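sequence and computational prediction follow.
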Amino acid sequence: MEWFRYNDLQPCHEVLEMSDTENLVVTESMGDGVLLVTINRPDQRNAINGAVARAMDAIVSETEVDDSVRVVVLTGAGDKVFCAGADLKEVAAGRIDTLRTPGGGFAGFVQRKRTKPWIAAVQGFALAGGCEIALACDLIVASRSSVFGLPEVARGLIAGAGGLFRLPSAIPKKIALELILTASRLPAERAADLGLVNRLADDGAAVEQAIALAREITVNAPLPIKACLEIVSKVGEASEDALWKMSREAMDRIKQSEDAIEGATAFAEKRDPVWKGR
């Protein structure tokens, strides 16, 4: 396997003052129920500081209550780094706790409970906490030159934002363990072969491909999408009996919904459905 050592991506050392924190995370409606969220610190390799963590936490909350948002695409500004993880200057200054929020954990995101799909559009490096942010998303689209990795052991740390259990859940355990213990990088094409990446995109086209994937989701009914996301997220932690119970309850609830009626009616009338989300 063609992996790479973590040694040439330097930590960022510039910390923005609170007066400079506007637009560190940018949102843009792409239409069709798709919201694009961009971590906007390209000069700092889109590293996470306190302002970014708070903004991400707030954005998740907003998307959860905004019925016009069906799917969220998350990316980093520029085409070189999706996210380099924690702003190490903040860590060195003893402000590591500011990089997390009570409900969201690291970046205000990795531990947030969400009912809508998030797609990571990875261009360039997704290392350390940046890889963990991508792993916390439901789907990943990556440019062919992108690389993933959890190099924390090379810095005397561990991947404490979910990477130690999410990566082995996404790819074979032994391969994940090798990556974790050697601080190696996983190229996007190999990541796709292993099932970590859903779709590969040409360099510079990851966001476009992720938005296209999001629109493939938004043409379908909102209530079933939420139910499917919830049940699939429990695979591996809930028992089969519990999953059967969740599936039956979801089916009983959804088959009486306007979405179910509209789906059947639109099929019979040979037209596109108009979903109500209830």
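Arrived safely. Numbering: from 1, shown residues only.

from the contact counts, what lies against the helix or strand hosting residue 210?
If you go by DSSP states H and E, residue 210 is part of helix 206-218. Counting contacts by 3 or more Cβ pairs under 8 Å, 6 or more residues apart in numbering; DSSP states H and E, helix 206-218 is packed against strand 34-39, strand 71-76, strand 118-122, strand 139-143, strand 199-201. Where you see a C-beta, it was placed from the backbone N, CA and C, and this is true even at glycine.

can you show me the CA trace of it as CSV?
Extracted in CSV, the C-alpha atoms of helix 206-218 (Å, rounded to 0.1, in the frame of the first residue of the first chain):
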residue,chain,number,x,y,z
ALA,A,206,-14.9,17.4,-4.9
VAL,A,207,-17.4,20.1,-3.8
GLU,A,208,-19.2,19.9,-7.2
GLN,A,209,-19.4,16.1,-6.9
ALA,A,210,-20.6,16.3,-3.3
ILE,A,211,-23.3,18.7,-4.2
ALA,A,212,-24.4,16.4,-7.0
LEU,A,213,-24.5,13.5,-4.5
ALA,A,214,-26.5,15.6,-2.1
ARG,A,215,-29.1,16.4,-4.8
GLU,A,216,-29.4,12.6,-5.4
ILE,A,217,-30.5,12.4,-1.8
THR,A,218,-32.8,15.5,-1.8
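
please begin residue numbering at 44 from this point
Happy to do that; since the first residue is 44 now, the last one works out to helix 249-261.

follow-up on the earlier one: okay, the helices and strands packed on helix 249-261 in CSV with mean pLDDT and distance to residue 315 next?
Converted to CSV, the helices and strands packed on helix 249-261 look like this (pLDDT from 0 to 100; distance: least, Cβ to Cβ, whole Å):
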stretch, mean pLDDT, distance to residue 315
strand 77-82, 98, 17
strand 114-119, 98, 18
strand 161-165, 98, 23
strand 182-186, 98, 23
strand 242-244, 97, 24
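
need those strands in a markdown table (columns: distance to residue 145).
Formatted as a markdown table, those follow (distance: least, Cβ to Cβ, whole Å):
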| stretch | distance to residue 145 |
| --- | --- |
| strand 77-82 | 20 |
| strand 114-119 | 21 |
| strand 161-165 | 20 |
| strand 182-186 | 26 |
| strand 242-244 | 34 |
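
winner for burial among those strands?
Per residue and on average, the most neighbours among these fall to strand 161-165, with a mean of 29 (mean count of other Cβ atoms under 10 Å).

who's in contact with it?
Residues outside strand 161-165 that contact it (Cβ atoms under 8 Å, 6 or more residues apart in numbering): 114-118, 125, 169, 176-177, 179-186, 189, 191, 231, 240, 249-250, 252-254, 256-257.

if we go to 7 Å?
114-118, 125, 177, 180-186, 189, 249-250, 253, 256-257 (Cβ atoms under 7 Å, 6 or more residues apart in numbering).

coming back round to it: looking at the helices and strands packed on helix 249-261, which is nearest to residue 69?
strand 77-82 (4.6 Å; Cβ to Cβ).

circling back: tell me the buried residues in the helix holding residue 253?
Along helix 249-261, these residues count as buried under the neighbour rule (16 or more other Cβ atoms under 10 Å): 249-250, 252-254, 256-258, 260-261.

including pLDDT and distance to residue 288, could these go into a markdown table?
Output for these, formatted as a markdown table (pLDDT from 0 to 100; distance: Cβ to Cβ, whole Å):
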| residue | pLDDT | distance to residue 288 |
| --- | --- | --- |
| 249 | 97 | 38 |
| 250 | 97 | 38 |
| 252 | 98 | 36 |
| 253 | 98 | 33 |
| 254 | 98 | 35 |
| 256 | 98 | 30 |
| 257 | 98 | 30 |
| 258 | 97 | 33 |
| 260 | 97 | 26 |
| 261 | 96 | 28 |
